[in-house]
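**Student:** Need a 3D model of the following:
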Amino acid sequence: MGRRPARCYRYQKNKPYPKSRFCRGVPDPKIRIYDIGKKRASVDEFPLCVHLVSRELEQVSSESLEAARVACNKYITKNGGKDSFHMRIRVHPFHVLRINKMLSCAGADRLQTGMRGAFGKPLGTVARVAINQILMSVRAKDEALPNVVEALRRTKFKLPGRQHILVSRKWGFTPYSREEYAQLKSEGRLIPDGAYVKVLNNHGTITLNNCL
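**Tutor:** Numbering: from 1, shown residues only. Coordinates of the predicted model:
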């Protein structure tokens, strides 16, 4: 018996049902990699950030997330190179799906229990997604904008529901706008921290804040 089509599990109807010591025997999610591309690129290298945003309250299966990741990665790598971007999947498939298996062979009516004990067995995992929640983010150089937007447009065909592509006003994956980032950098208050930055506030020792 194969997988049910994703339309059977597209809508959020029940409470979250994560893998736990009570919910055992859950198959591994199809998606295992959430960061792709030049992950170690400094925060200054990739100022552009583009998001793929969900426009529906729905459930996205781990299979479709993996298909979306592959599609986006393939297009940008082919047209810009494997070190021209850093992509991050922003949702994780923690919700476990269930299936109440029915027999379809001859004489199954003698063995089946129908709706008696209908709580199903684990079938797969999905990510529960809200309206305006970011599904994927890509940071790259400014000149790569057409490639990134086209890659995310193709990615939408792998996902259920409707999505929007938004070009962020922020600098890369940081929470600061480009103007704020440039100002903080000119003041010498930024400490690079991988794909993010730490900002020196006015607390702490005098020497740390360059007040001497």
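**Student:** What mean pLDDT does whichever strand in the chain runs longest get?
**Tutor:** The single longest strand within the chain, with elements called by DSSP state E, is strand 121-129. Averaging pLDDT along strand 121-129 gives 95.
**Student:** Mind checking the pLDDT average for the helix or strand that it is followed by?
**Tutor:** The C-terminal neighbour of strand 121-129 among helices and strands, as given by DSSP states H and E, is strand 134-140. The average pLDDT for strand 134-140 rounds to 97.
**Student:** What are the buried residues along the helix or strand just after strand 134-140?
**Tutor:** As assigned by DSSP H and E, the chain's next helix or strand after strand 134-140 is helix 145-155. Applying a neighbour-count criterion of 16 or more other C-beta atoms under 10 Å, one finds 147-148, 151-152, 155 buried in helix 145-155. Every C-beta, even on glycine, is put in place using the N, C-alpha and C of the backbone.
**Student:** Just put those in TSV and tack on distance to K121 and pLDDT.
**Tutor:** Below are those laid out as TSV (distance: C-beta to C-beta, whole Å; pLDDT from 0 to 100):
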residue	distance to K121	pLDDT
N147	43	96
V148	40	96
A151	37	97
L152	36	97
T155	31	97
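**Student:** List just the nearest of those residues to Y11.
**Tutor:** T155 (21.6 Å; C-beta to C-beta).
**Student:** and the gap between that closest one and H92?
**Tutor:** 17 Å (C-beta to C-beta, to the nearest Å).
**Student:** same question, N100
**Tutor:** Separation of N100 from H92 (C-beta to C-beta): 26 Å.
**Student:** which residues in the chain form strands?
**Tutor:** Using DSSP E, strands in the chain cover 35-37, 48-54, 58-61, 85-89, 95-99, 121-129, 134-140, 163-167, 190-193, 196-199.
**Student:** Of the ones you listed, which is nearest A67?
**Tutor:** Once these are compared by C-beta to C-beta, strand 58-61 is nearest, at 9.3 Å.
**Student:** who does that closest one touch, helix- and strand-wise?
**Tutor:** Judged by 3 or more C-beta pairs under 8 Å, 6 or more residues apart in numbering; DSSP states H and E, strand 58-61 is in contact with strand 121-129.
**Student:** Would you mind pulling up the elements that the strand it packs on packs against?
**Tutor:** For strand 121-129, the elements it packs on are strand 58-61, helix 62-80, strand 95-99, judged by 3+ C-beta pairs under 8 Å, 6+ apart.
**Student:** Identify the residues contacting the first one?
**Tutor:** Translated: strand 58-61. Residues from elsewhere that reach strand 58-61 (C-beta atoms under 8 Å, 6 or more residues apart in numbering): 6, 9-12, 30, 54, 91, 93, 95, 124-129, 135, 159-161.
**Student:** If we use 10 Å, what do you get?
**Tutor:** 3, 5-6, 9-13, 29-31, 54, 67-68, 91, 93, 95, 97, 124-131, 133, 135, 158-162 (C-beta atoms under 10 Å, 6 or more residues apart in numbering).
**Student:** ok, now the last one?
**Tutor:** If you take C-beta under 10 Å, 6+ apart as the criterion, strand 95-99 is touched by 1, 3-4, 6, 8-9, 12, 14-20, 23, 25-27, 29, 59-62, 118-128.
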